[in-house]
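[1] Based on what follows, work out the 3D shape:
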Amino acid sequence: PIPPPKRRFPSAFFLPPPPPPPLNRLRPGDEVEFFLTMMKGRPQARDLCLLNKKPTVRVRGTCVKWYESRKYGFIKAPEYKDANIFCLATEILGRQSVRRLFEGEEVECLVCIDQRGRPQAQDVSPLESIEAVERNSGGSGGGTATND
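    Below you'll find the model as predicted:
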């Protein structure tokens, strides 16, 4: 019988570096680096890379004030004794239908420092469901318990 042909493989494979992770969202004031290409006669940014990766801290806190008409409020956390953390409604996760916080509600969020040096909340996660918060804050009280 005829032996099968021998295949020769290179001794080392060189793979290109992995692409950078996709940016979920850019925020005002973020510095980026990119390649500029033309597509259909228009400039297009390719391979965006975030340059000013600001340090963030994950904290737990309590909503102390919420302005529903303005869609923002403030969170108090033990790590930030001197200042309340500013929170926009667009940063609240997990509540697509009602993007708001209730005063006294416990939350967890990332805190970064904005351009003016003030703490600002990002990716705010309420620790209770909205139904539980409404039940605790507005419930019907005034009853008494009796043991028969």
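
[2] now the helices for this structure?
    Listed in chain order, the helices of the chain (DSSP state H) span 130-138.

[3] the strands in the chain, which residues?
    32-39, 42-50, 57-67, 72-76, 85-88, 106-113, 119-126 (DSSP state E).

[4] Turn those strands into CSV, columns for mean pLDDT.
    Shown next, in CSV, are the strands of the chain (pLDDT from 0 to 100):
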stretch, mean pLDDT
strand 32-39, 84
strand 42-50, 80
strand 57-67, 92
strand 72-76, 95
strand 85-88, 92
strand 106-113, 88
strand 119-126, 89
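
[5] Of all the ones you listed, which one is nearest Arg100?
    Each of these has some distance to Arg100 by CB to CB; the shortest is strand 57-67, at 6.2 Å. No exception for glycine: its C-beta is placed from N, CA and C like everyone else's.

[6] Mind listing residues that contact that closest one?
    Contact with strand 57-67 is made by 72-80, 84-85, 87, 100-111, 127, as judged by CB atoms under 8 Å, 6 or more residues apart in numbering.

[7] circling back: tell me which of the strands of the chain sits nearest to Pro3.
    Pro3 lies closest, by CB to CB, to one member of these: strand 42-50, at 47.9 Å.

[8] What strands flank the closest one, and is each parallel or antiparallel?
    Based on DSSP bridges, the pairing partners of strand 42-50 within the sheet are strand 32-39 (antiparallel).
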